[in-house]
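S.K.: Provided below for reference: sequence and predicted model.
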Amino acid sequence: MPEPRDLTLHYRIARLAADGEAPGPALDFVLGELIKVFRADSGSLALVNPNTGLLETEIVKGVPPPADTFALRPGQGVTGWVALHARPLLVPDTAAEPRYIAARPAVRCEMAAPLLDAEGRAVGVIDLESDTPRAFAPADLDRLAALADETSRVLHRLWQLHDHRERSAQLETLVNLGRPLVTRLTEDDLLATLARSGRTLFDAPLCTLHLPQERALALKAWDAANGFDARALSRDPVPENASMLIAAVRSNRVIEFQQLDGLGYLDALDLPRDRTLCSALAAPLPVDGEPAGVFTIFTSRPQRFSDAQRRLLAALANYAAVALQNARLYARVFRTEETLRKNETLTTLGLLAAEIAHEIRNPLTVVKLLHGTLGADFPAGDPRRRDIEVIAEKLEQLEGIVSRVLSFARTPGNLHSRWALADIINDTLILLKAKLDQARVRVQCAFPSRALLVDVNKGQVQQVLLNVILNSLHAMPAGGELTLRLAPAAGANGGEVVHLDVEDTGTGIPGDIQPRIFESFLSGRTDGTGLGLAIAKRILLDHHGSIALLQTSPQGTTMRITLPLAPV
């Protein structure tokens, strides 16, 4: 039971937990109040460092603070004895106590009480000193021990609260990090964001991100606190045999490095040459199940990293790996789109060339027929007879050129093979997955259980699907739903066909261009070429199929692609 005269102080200490005060200011308040209550001339409060096991002075009053953190081994001095045995101790006269280590020459009396955790282990010590011998009595020691117990409970709650707040801030940072990671499309911007987020998440002075490069590790991004000298970082790729961080990649697990100024790290070229950095925690970036880089945070004091910190860095590294994969996938999609646009242009030029060749062949045939009746009356030695022969040769040459153009533009029959139309659609959707996710478009497929087989050129049919689906995405700038339905039907000529209906929830096709959407160079978009649907129609005609607009409105559009089913 607390002493009546100490009840107010017990209450004020207990209130610190309810107020959510930070541990440092709370302990400073407690030590100041204890010095006043016991009329001490000086005092200190030390905490056990869980990483080193040393008792480090956190707060001193009435004593000039040491230049560096003052640390005691367990059992060393009065304070160390109290920490080791987890029991309070009173020294009536320091002159007669061999364990006493003078903090001030004038100190003659000292008492200390441990701060205990739930298992009864000392996590710290409160120490009070007086310049008068026997200034503290055994009753005072009992009172101090009771107040230290109250302080221990408050300190435990404040540490828990601080830990919860820190984890909440880390979780919030991870959540907030999600959006920029999936929206940044360039790899350099992404890596810079990851490094900055990692340093913020761990409140670290430095965070680096290395990626493999020809049997070496290359620094790709870093973020540091103000005042950091960037010359301490190696910008050149570091060979694996001179790299320390490669250990995280090879082991595919989180690794910590202690005392970076030690002999074991002198030859590691990928560690910063900055003596203010003491410890590091490195995590591999797993891409497709294999490590493809290393994410590292550095601390400015020696530290043993907790399991929670290891898990957090591993989570961030996994997050980074997914974002890196997305960025590279986006880049591949954009390159594929550029290739498709070029292929569209080349295909259109080929179709135009074929149309021109077809138109040339008709008058060329007439010229050739008429030419055949000329020159029959010219004698053998007449120079005009030779002119007629030259004209005949050139007409044959022109006809050969026209025939080759038409043959090249025609879809080779040997490129056709038998495919399940559902498989072609699924392969096309895989190509467009990143684009669909980016556009926030959900895809629904309604396919019959029966495999609907078609004899087609798969690449050309995929080009048709890409054109139609990309048009749907452009019509849904705010996202939406894309539905693909397959159904067999009776063909007009007695055979069986398959209908593929592509339905979107977009804004629809303007009424003034609906009748002409399959014409070349007609586009409803400022960035469109007007060739997509024209090429799609030409490809489907070559496959004895068709494409039609079933319906369109401000609520969405449905396009129907029809192909003949392969005979069984």
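M.R.: Perfect, I can see it now.

S.K.: Where do the strands of the stretch 201-350 of the chain begin and end?
M.R.: Remark: strands assigned in the stretch 201-350 of the chain by DSSP state E, counting those that start in this stretch are 206-212, 216-224, 238-239, 255-257, 279-287, 290-299.

S.K.: a markdown table for these, including mean neighbour count and distance to residue 471?
M.R.: Where C-beta positions appear, they are placed from N, C-alpha and C, glycine not excepted. Formatted as a markdown table, these follow (neighbours: other C-beta atoms under 10 Å; distance: least, C-beta to C-beta, whole Å):
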| stretch | mean neighbour count | distance to residue 471 |
| --- | --- | --- |
| strand 206-212 | 23 | 37 |
| strand 216-224 | 21 | 38 |
| strand 238-239 | 18 | 49 |
| strand 255-257 | 19 | 50 |
| strand 279-287 | 23 | 33 |
| strand 290-299 | 22 | 36 |
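
S.K.: So for residue 155, which of the ones you listed sits nearest?
M.R.: Ranking the strands of the stretch 201-350 of the chain by proximity to residue 155 (C-beta to C-beta) places strand 290-299 first, at 23.2 Å.

S.K.: Just the CA trace of the closest one, in PDB.
M.R.: Extracted in PDB, the C-alpha atoms of strand 290-299 (Å, rounded to 0.1, in the frame of the first residue of the first chain):
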ATOM      1  CA  GLU A 290      13.800 -15.800 -57.100                       C
ATOM      2  CA  PRO A 291      15.700 -12.900 -55.400                       C
ATOM      3  CA  ALA A 292      16.300 -10.100 -57.900                       C
ATOM      4  CA  GLY A 293      17.800  -7.400 -55.800                       C
ATOM      5  CA  VAL A 294      18.400  -6.200 -52.200                       C
ATOM      6  CA  PHE A 295      16.600  -3.600 -50.100                       C
ATOM      7  CA  THR A 296      18.800  -2.200 -47.200                       C
ATOM      8  CA  ILE A 297      18.300   0.200 -44.400                       C
ATOM      9  CA  PHE A 298      21.100   1.600 -42.300                       C
ATOM     10  CA  THR A 299      21.100   2.800 -38.700                       C
END
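
S.K.: can you list the domains in the chain?
M.R.: Following automatic domain parsing, one gets these domains for the chain: 4-164, 176-329, 332-413, 417-564.

S.K.: a markdown table for those domains, including mean pLDDT?
M.R.: As requested, these are exported to a markdown table (pLDDT from 0 to 100):
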| stretch | mean pLDDT |
| --- | --- |
| domain 4-164 | 87 |
| domain 176-329 | 82 |
| domain 332-413 | 69 |
| domain 417-564 | 85 |
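
S.K.: if we can go back for a sec, turn the strands of the stretch 201-350 of the chain into JSON lines, including distance to residue 507.
M.R.: Converted to JSON lines, the strands of the stretch 201-350 of the chain look like this (distance: least, C-beta to C-beta, whole Å):
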{"stretch": "strand 206-212", "distance to residue 507": "42"}
{"stretch": "strand 216-224", "distance to residue 507": "40"}
{"stretch": "strand 238-239", "distance to residue 507": "53"}
{"stretch": "strand 255-257", "distance to residue 507": "53"}
{"stretch": "strand 279-287", "distance to residue 507": "38"}
{"stretch": "strand 290-299", "distance to residue 507": "41"}
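
S.K.: wait, which of these is closest to residue 510?
M.R.: Residue 510 lies closest, by C-beta to C-beta, to one member of the strands of the stretch 201-350 of the chain: strand 279-287, at 44.4 Å.

S.K.: which other helices and strands contact that closest one?
M.R.: helix 246-251, strand 255-257, strand 290-299, helix 307-372 (3 or more C-beta pairs under 8 Å, 6 or more residues apart in numbering; DSSP states H and E).

S.K.: partners of the second one, with directions?
M.R.: Sheet pairing here is set by DSSP bridges, and for strand 255-257 it gives strand 279-287 (antiparallel).
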